[in-house]
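1. Please find the sequence and the predicted model below.
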Amino acid sequence: MSRESKSAADGGPSDETVSDETVWTRSEGGVPLLGDEVQIWKVSACAGEGGFERYRAVLSADERERMERMRAGVARDEFAVARGLLRMLLGDALGREARSLVFSKGRYGKPEIEGVGFNVSHSHGLILVALCRGAEVGIDVEWMDGTIEALEIARQSFSRDEVERIAGSEAGPARAKAFYECWTRKEALAKAHGAGLLLPLENFTVPAGPVWGRAVEMMPSLGEAGERFAGGRYFLHDLDVGKNFPASLALNRADVFCRCFERL
């Protein structure tokens, strides 16, 4: 996948090709989702009461009920803005009313809708939405906690090579960075696969260092309860979404370009 920047106004090519950073274009939406691209949308949950209302307004009755059961705070705001933005973007892509969209569940329970692959992630008020036609997509963002017990958690969930990689990093911020780099890549892959954290994360290894379009082969595996998980080939991409927020994208197509938008 190339990082070719496209004009948000007309969908045509620009003169800029990005190879070492993520370029974000500010947009309020309404950007056509082309057949050979993946779109990444970024928004803050800290939009103020007026900003929240436009997202709440498109939630389904079930989503509103779920939101009302949540305690007021960042998690509730993230839920409302993330679900509302997802509905707005899918409504634009499918030419349908955002509030009327009905989601089904895939083989492993992942929400889906016919015509567009999508995924959502949020952490500490930062929300990412990924959309792509004709592809399974997964995205993950995490706020990096420099005090996390990185090696202890890695030993519980990561492959042997990944544990050795993290153990070889200097304790402190460097080890935390190596841990979150690995974690966001693994979670993005698991979400693109569809099984999410039901997937045995120790059964596949993500590459180290910067990645853009690196292929990862996921072999068929068995879950703790004996579930059979299919394998597949996926492509990993780093995303620069902001300081202290490592983020990764994964999808099962290589022949797409990426456009990144920041919603005001």
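-> Cool, got the structure.
2. mean confidence for stretch 190-200?
-> Mean per-residue pLDDT for stretch 190-200: 92.
3. Likewise for stretch 99-107?
-> Here the average pLDDT along stretch 99-107 is 94.
4. roughly how far is it from the heart of the chain?
-> For stretch 99-107, the separation from the chain centroid amounts to 18 Å (computed by Cα atoms, centre = their mean, to the nearest Å).
5. List the residues that contact residue 90.
-> By Cβ atoms under 8 Å, 6 or more residues apart in numbering, the contact list for residue 90 reads 96, 98, 101, 113, 116, 118, 131. In this view, the C-beta of every residue, glycine as well, is placed from N, C-alpha and C.
6. Among the residues you listed, which are located in strands?
-> Applying DSSP state E to these, the entries found in strands are 118, 131.
7. what about burial for the contacts of residue 90, which qualify?
-> 98, 101, 113, 116, 118, 131 (16 or more other Cβ atoms under 10 Å).
8. okay, the residues you listed in TSV with distance to residue 236 next?
-> As requested, the buried ones among the contacts of residue 90 are exported to TSV (distance: Cβ to Cβ, whole Å):
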residue	distance to residue 236
98	30
101	29
113	24
116	21
118	18
131	18
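9. Pick the one among the contacts of residue 90 closest to residue 242.
-> Residue 242 lies nearest to residue 131 out of the contacts of residue 90, by Cβ to Cβ, at 20.1 Å.
10. who touches the closest one in this structure?
-> So residue 131 contacts 33, 38-39, 41, 89-90, 93, 116-118, 137 (Cβ under 8 Å, 6+ apart).
11. Including pLDDT, distance to residue 153 and secondary structure, could these go into TSV?
-> As requested, the contacts of residue 131 are exported to TSV (pLDDT from 0 to 100; distance: Cβ to Cβ, whole Å; DSSP: H, G, I helix; E, B strand; the rest coil):
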residue	pLDDT	distance to residue 153	secondary structure
33	97	36	coil
38	97	29	strand
39	97	32	strand
41	97	29	strand
89	97	33	helix
90	97	34	helix
93	96	36	helix
116	97	33	strand
117	97	29	strand
118	98	28	strand
137	97	25	strand
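12. Let me have those in CSV, extended by distance to residue 253.
-> Converted to CSV, these look like this (distance: Cβ to Cβ, whole Å):
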residue, distance to residue 253
33, 14
38, 8
39, 13
41, 18
89, 19
90, 19
93, 16
116, 13
117, 9
118, 14
137, 9
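13. Quick check: closest non-adjacent residue to residue 153.
-> residue 179 (7.1 Å; Cβ to Cβ, 6 or more residues apart in numbering).
14. Then residue 228?
-> Spatial nearest neighbour of residue 228, chain neighbours left out: residue 222 (6.2 Å); criterion: Cβ to Cβ, 6+ apart.
15. Centroid-nearest residue for this structure?
-> In the chain, the centroid-proximal residue (Cα atoms, centre = their mean) is residue 139; its distance is 1.6 Å.
16. pretty sure it is touching residue 119, no?
-> Yes - using Cβ atoms under 8 Å, residue 139 is in contact with residue 119, at 4.8 Å.
17. which neighbours do those two share?
-> Counting by Cβ under 8 Å, 6+ apart, the residues touching both residue 139 and residue 119 are 129-130, 191.
18. now, which of the residues you listed sits nearest residue 150?
-> Ranked by distance to residue 150 (Cβ to Cβ), the shared contacts of residue 139 and residue 119 are led by residue 191 at 21.2 Å.
19. in the strand or helix carrying the closest one, what's buried?
-> Assessed by DSSP states H and E, residue 191 sits inside helix 173-193. Buried residues in helix 173-193, counting neighbours by 16+ other Cβ under 10 Å, are found at 175-193.
20. picking that back up, check the gap between the residue nearest to residue 153 and residue 214 for me.
-> 19 Å (Cβ to Cβ, to the nearest Å).
21. for residue 169, same thing?
-> Using Cβ to Cβ, residue 169 is found at 20 Å from residue 214.
22. One more: residue 57?
-> To residue 214, residue 57 is 40 Å away according to Cβ to Cβ.
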